[in-house]
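Novice: 3D, please:
(chains A and B)
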Amino acid sequence: SQQGEEDPQALSIQEGENATMNCSYKTSINNLQWYRQNSGRGLVHLILIRSNEREKHSGRLRVTLDTSKKSSSLLITASRAADTASYFCATDAFSNQGGKLIFGQGTELSVKP
Amino acid sequence: NAGVMQNPRHLVRRRGQEARLRCSPMKGHSHVYWYRQLPEEGLKFMVYLQKENIIDESGMPKERFSAEFPKEGPSILRIQQVVRGDSAAYFCASSMRGFQRAFSTDTQYFGPGTRLTVL
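Specialist: The predicted structure is shown next:
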């Protein structure tokens, strides 16, 4: 089964509200990355958090990592219609031969103007 | 600094034909990864390559699929005798990686993808 599982699968909010997406994983990791994908497009890297970090900020994004619970959350504050996209977490497992990422199924975020 | 480039962006093939997908990593990146995304699903890892070496091909189907990353030129994902089930978006990513494991080296940067349709 997939390493990463996102929750919720779909989220619909009004512009200006905050959006929180969660990700759980199964094995020990080197790092966890969040990506955004607009419909029919490629992936845009948002943020990488290492296993020894607990929180990271980038603009309106805040990512937390709890390795004891094997979970991460992505918070988007003051959401905009342009934030509408699918959001994926991806883990770089500690046991990897290399850097392959294991993706979750994604959270589909819809921000209504 | 150009990003990861993939071509073609869209590829249509009939069953039984060959599909050849190309990926040029970001400048300075020597690690390339291929992923496949089926409709309404997340990305699934296929293969990880460094120049002239396949490091991890645990996600590659055993038959019909092959990948290479020659010393010169782009990485190629090749699908022989395509079937309808091969229809998907194929993404390439590249990273720097290396001994120092500095902040940015593990980040994988993705190309725009090649959307393969098998008729």
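Novice: which stretches of the chain have low pLDDT?
Specialist: Chain wasn't specified; assuming chain A. Along chain A, segments meeting pLDDT under 70 span A:1-4, A:94-98.
Novice: that's the wrong chain, I meant chain B
Specialist: B:1, B:97-105.
Novice: quick check: beta-bridge partners of residue 22?
Specialist: With no chain named, the answer covers chain A. A:D7, A:S73 (DSSP bridges).
Novice: hmm, I had chain B in mind actually
Specialist: Applying DSSP bridges, one finds that B:R22 bridges with B:N7, B:I76.
Novice: list the contacts of it.
Specialist: Going by C-beta atoms under 8 Å, 6 or more residues apart in numbering or on different chains, B:R22 touches B:Q6, B:N7, B:P8, B:P74, B:S75, B:I76. Yep, even glycine has a C-beta here, placed from its N, CA and C like the rest.
Novice: tell me, how many residues neighbour the second one?
Specialist: Which is B:N7. 14 (other C-beta atoms under 10 Å in any protein chain shown).
Novice: ditto for B:K51
Specialist: Around B:K51 there are 13 residues (other C-beta under 10 Å).
Novice: thinking again about what came up before, for chain A, state which of the contacts of B:R22 is nearest.
Specialist: Taking C-beta to the nearest C-beta as the measure, chain A lies nearest B:Q6 of the contacts of B:R22, at 8.3 Å.
Novice: so which residues on chain B come close to chain A?
Specialist: Taking C-beta under 8 Å from any C-beta of the partner chain as the contact definition, chain B meets chain A at B:31, B:33, B:35, B:41-45, B:48, B:55-56, B:58-59, B:91, B:93, B:95, B:97, B:106-113.
Novice: out of the residues you listed, which are buried?
Specialist: Buried residues within the residues of chain B next to chain A, counting neighbours by 16 or more other C-beta atoms under 10 Å in any protein chain shown: B:31, B:33, B:35, B:42-45, B:48, B:55-56, B:59, B:91, B:93, B:95, B:97, B:106-113.
Novice: how far off centre is the helix or strand harbouring A:L109?
Specialist: A:L109 belongs to strand A:107-112 when assigned by DSSP states H and E. With C-alpha atoms, centre = their mean, to the nearest Å as the basis, strand A:107-112 stands 13 Å off its chain's centre.
Novice: note down every partner strand of that strand and its orientation.
Specialist: Its sheet considered, strand A:107-112 pairs with strand A:10-14 (parallel), strand A:85-93 (antiparallel) by DSSP bridges.
Novice: can you add mean neighbour count and give these back as JSON lines?
Specialist: Shown next, in JSON lines, are these (neighbours: other C-beta atoms under 10 Å in any protein chain shown):
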{"stretch": "strand A:10-14", "mean neighbour count": "14"}
{"stretch": "strand A:85-93", "mean neighbour count": "24"}
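Novice: with adjacent residues omitted, what lies nearest to the residue nearest to the spatial centre of chain B?
Specialist: A centroid search over chain B (C-alpha atoms, centre = their mean) returns B:W34, at 3.0 Å, as the residue closest to the centre. Using C-beta to C-beta, 6 or more residues apart in numbering or on different chains and skipping residues adjacent in sequence, the residue nearest B:W34 is B:M46, 4.4 Å away.
Novice: thinking again about what came up before, how about the contacts of B:R22, which pair is most distant?
Specialist: B:P8 and B:S75 (14.6 Å; C-beta to C-beta).
Novice: could you check which of the two has the larger neighbour count?
Specialist: The residue with more neighbours, out of B:P8 and B:S75, is B:S75; 22 against 13, by other C-beta under 10 Å.
Novice: residues contacting the nearest residue to B:Q6 once chain neighbours are set aside?
Specialist: Spatial nearest neighbour of B:Q6, chain neighbours left out: B:G111 (3.9 Å); criterion: C-beta to C-beta, 6+ apart. Listed by C-beta under 8 Å, 6+ apart, the contact set of B:G111 reads A:G42, B:G3, B:V4, B:M5, B:Q6, B:C23, B:F91, B:C92, B:A93.
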